[in-house]
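Novice: A structural model of the following input is requested.
(one chain, ligands or ions: 3)
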Amino acid sequence: MRIKVLGAAAGGGFPQWNCGCPNCREARAGAPDALPLTQECVGISADGERWFLPNASPEIRSQIESYAPLHPRGPRHSPIAAVVLTNGDLDHTLGILSLRESHPLLIYATERVRQGFTENNVFYRTLMRFPGQVTWRDLVPGRESALDGADGSPTGLSIEAVPTPGKPPVHLEGLEESDPGENIGVLIRDRATGGCLAYFSAAGDITSPMRAALDRADCVFFDGTFWASDELIALGLGTKHAQDMAHLPVGGPDGSLSRLAGLRASRRVYIHINNTNPLLRSGSPERKQVEAGGWKVAQDGMEVSL
Ligand code: MLT
Ligand code: MN
Ligand code: ZN
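Specialist: Ligands and ions are numbered 1, 2, ... in the order given. Next up, the predicted model:
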């Protein structure tokens, strides 16, 4: 399995358009230890021919152009076999509306995320220009299913959704009851090699079933949004703690770095990094701490092979 990081940042990217925090200022100044990042999007393939994208960022067009294996192989063609949505946040779903040039799309998502994106959404009508423009495949937590391409051909990968503490997207807050399908992590398995990727880019906590799923993986991508719970408050940039936004911080005694210390996976990557996070600075003590724990911080262009 090939895993290509197309974008490693949280919503807003790095630097963020309206942010003058020290990290964003350094990134704009071209500091070598603060490399700009686009918003979270990853390509996954078993054969190098057909690719799955967990999440479709607002920057998907330039992300596709940045990576030759995602370019068309014919006059009308895309190697992108499907998009997998792990929640309905705009930084994960807006890119779907940018893939509207009359090409059939296959999207794997929970029923809740499908409803949240398609119902009462006039923009979605641009993806209904011909019958079958978008096909949705229901991800039912706990059930492993083949990750097939749009034509039903096997791609050598399987997928299993794992309910993960999260929150509804901001635009649906207060409109619906909480639902375990509103945020998931996924296990993606290469059926030939058995290699298993756990992809949890938004996680408000680590439940026992999540931990069991993470322990099955050879490679883990995990929520690296914030280093500290009060990161935005300390910088004077907001009033919410990380957990209020359903992101477990990386640092501290109850953070993910300490709680995931005994993971079996030898490859561990933090992704969906917010622009305020000191992990973005390659020389920071926080970066050294995660690297000492066997973790990498995702960068645009990073590749992992399983
Ligand atoms: C998040 O990761 O918490 C969301 O992307 C926030 C947002 O949608 O603004
Ligand atoms: Mn986000
Ligand atoms: Zn910033």
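
Novice: okay, CA-based contacts and neighbour counts for the rest of this
Specialist: Will do.

Novice: Look up how far ligand 3 lies from the residue of the stretch 1-150 of the chain found nearest ligand 2.
Specialist: The minimum distance from the stretch 1-150 of the chain to ligand 2, using Cα to the ion, falls at Gly11 (4.5 Å). Between Gly11 and ligand 3 the distance is 11 Å, computed by Cα to the ion, to the nearest Å.

Novice: so where does the residue lying closest to that residue once chain neighbours are set aside fall, helix or strand?
Specialist: The shortest distance from Gly11 to any non-neighbouring residue, by Cα to Cα, 6 or more residues apart in numbering, is to Asp91 (5.1 Å). Assigned by DSSP states H and E, Asp91 belongs to helix 90-97.

Novice: by how many degrees do whichever strand or helix holds Arg112 and helix 90-97 diverge?
Specialist: Taking DSSP H and E as the criterion, Arg112 maps to helix 111-118. Interaxial angle, helix 111-118 versus helix 90-97 (axes from the mean of the first three to the mean of the last three Cα atoms, to 10 degrees): 60 degrees.

Novice: What residues sit buried inside helix 111-118?
Specialist: Of all the residues in helix 111-118, those buried under the rule 16 or more other Cα atoms under 10 Å are 112-114, 116-117.

Novice: so Ile44 makes contact with Arg2?
Specialist: Yes - the pair Ile44 / Arg2 is scored as a contact, 5.6 Å apart, by Cα atoms under 8 Å.

Novice: Please report how far the residue sitting nearest the centre point of the chain lies from Ala8.
Specialist: Centroid check for the chain by Cα atoms, centre = their mean gives Ser201 as the closest residue, at 4.6 Å. Noted for Ser201: a distance of 10 Å to Ala8, by Cα to Cα, to the nearest Å.

Novice: can you check Ile271 too?
Specialist: 5 Å.

Novice: intersection of neighbour lists for these two?
Specialist: 40, 298 (Cα atoms under 8 Å, 6 or more residues apart in numbering).

Novice: Which positions in the stretch 101-250 of the chain make contact with ligand 1?
Specialist: Residues of the stretch 101-250 of the chain lying near ligand 1 by Cα under 6 Å from any ligand atom: 169-170, 245.
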